[in-house]
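Asks: quick one, fold the following:
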Amino acid sequence: MGSSEHEIRRVQGSGPERPPERWRYARHLAALAAASAEVPASAAVVASGHVPATGEAARPAEACASGEAARPAEAARPAEAARPAEAAVPAEAAAFADQREAEAVAVVLRDPDPVMAESAVVTHLDRRALRLLADGRFPGWARAMETALHGRLFPSRRLREWTLLKAIAAGEPWSAAELTAASDWCQRTAALTVTSYEALGVLAAAARSHRVRDAAARRLRRRASA
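Replies: Next up is the predicted model:
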């Protein structure tokens with residue numbers, strides 16, 4: 001009896017519980033990957049003239065935020081996520097896909113745990129920006145993400161720094177002041193990835209950490225001796 005009464009009290013006193021944080025983090029990433037992996041499908045949707053109802057694109061992320069498991073059709077597809085960015089997507093389809101992804105980001109950011117939600121979004125931004133760095137779709141994607149990230153300092157800064165890295169990689173205008181004021185993450189990433197002599201020179205002379213200055217200087221020396 002005592003054991004049964006204890007079980008009854010435990011069940012009656014337990015309300016709905018959110019999934020553990022690590023599960024929600026993984027589900028958020030899966031939802032964001034699914035939303036960003038739909039470019040070919042989105043292109044077909046736009047071409048056919050059928051536009052889903054408002055909020056339909058964000059359903060995978062809504063399911064994650066509520067603790068529900070994503071349906072198999074909504075789960076991230078690793079093969080699609082790993083393939084190169086689509087270069088021949090029509091502009092209308094690309095804009096639709098970017099909006100779909102931005103809606104999913106906004107849903108994740110409504111998670112009750114803002115630190116975990118922003119961390120998941122930043123991880124997603126890192127993955128997506130890396131794929132789009134050499135893609136003409138990057139500016140439109142960045143504008144859509146900027147709107148979704150409004151008021152969120154950490155992910156907004158990461159997006160600005162990816163935009164800076166994109167400018168350096170593409171030979172577009174950028175400023176040394178912006179690079180020297182960038183975060184340690186941005187300076188470290190630039191020192192290891194960019195090929196611009198000017199950017200490497202700025203980092204070798206004025207990066208915040210000795211490690212980054214040394215890495216940039218080594219790359220300059222290797223390129224000079226090549």
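Asks: alpha carbons only for contacts and neighbour counts from here, please
Replies: Will do.
Asks: contact partners of stretch 124-132?
Replies: The contact list for stretch 124-132 (CA atoms under 8 Å, 6 or more residues apart in numbering) reads 29, 32-33, 84-85, 138, 155, 158-159, 162.
Asks: pipe those residues into JSON lines and attach pLDDT per row.
Replies: Rendered in JSON lines, the data for the contacts of stretch 124-132 read as follows (pLDDT from 0 to 100):
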{"residue": "29", "pLDDT": "95"}
{"residue": "32", "pLDDT": "96"}
{"residue": "33", "pLDDT": "95"}
{"residue": "84", "pLDDT": "48"}
{"residue": "85", "pLDDT": "45"}
{"residue": "138", "pLDDT": "96"}
{"residue": "155", "pLDDT": "98"}
{"residue": "158", "pLDDT": "98"}
{"residue": "159", "pLDDT": "98"}
{"residue": "162", "pLDDT": "98"}
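Asks: now, which of those residues lie within strands?
Replies: Of the contacts of stretch 124-132, none are assigned to strands by DSSP state E.
Asks: scan these and report the most crowded one.
Replies: Most neighbours among the contacts of stretch 124-132, by other CA atoms under 10 Å: residue 32, with 30 neighbours.
Asks: from memory it sits against residue 102, does it?
Replies: No - using CA atoms under 8 Å, residue 32 and residue 102 do not qualify as a contacting pair, with a distance of 9.1 Å.
Asks: mutual contacts of these two, please.
Replies: Residues touching both residue 32 and residue 102 (CA under 8 Å, 6+ apart): there are none.
Asks: got the contact list for residue 188?
Replies: Contacts of residue 188 were listed using CA under 8 Å, 6+ apart, and they are residue 212.
Asks: tell me the SS of it?
Replies: Following DSSP: H, G, I helix; E, B strand; the rest coil, the label given to residue 188 is helix.
Asks: quick check: phi and psi on residue 183?
Replies: Main-chain dihedrals, residue 183, degrees, to the nearest 10: phi -70, psi 160.
Asks: how near is it to residue 146?
Replies: When CA to CA, to the nearest Å is the yardstick, residue 183 and residue 146 sit 18 Å from each other.
Asks: what do you get for residue 222?
Replies: Per CA to CA, residue 222 is found 37 Å from residue 146.
Asks: of those two, which one has the most company?
Replies: residue 146 (18 against 9).
Asks: list the residues that contact that one.
Replies: Taking CA under 8 Å, 6+ apart as the criterion, residue 146 is in contact with 156, 159.
Asks: so which strand or helix has it?
Replies: Using DSSP states H and E, the element containing residue 146 is helix 138-148.
Asks: take that helix, keep the C-alpha atoms, and write them as CSV.
Replies: Output for helix 138-148, consisting of C-alpha atoms alone and laid out as CSV, is shown next (Å, rounded to 0.1, in the frame of the first residue of the first chain):
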residue,chain,number,x,y,z
PHE,A,138,25.3,34.0,-49.2
PRO,A,139,24.2,37.7,-49.2
GLY,A,140,20.5,36.8,-49.5
TRP,A,141,20.8,34.1,-46.9
ALA,A,142,22.7,36.5,-44.5
ARG,A,143,19.9,39.1,-44.9
ALA,A,144,17.3,36.5,-44.0
MET,A,145,19.2,35.4,-41.0
GLU,A,146,19.8,38.9,-39.8
THR,A,147,16.1,39.5,-39.6
ALA,A,148,15.5,36.3,-37.7
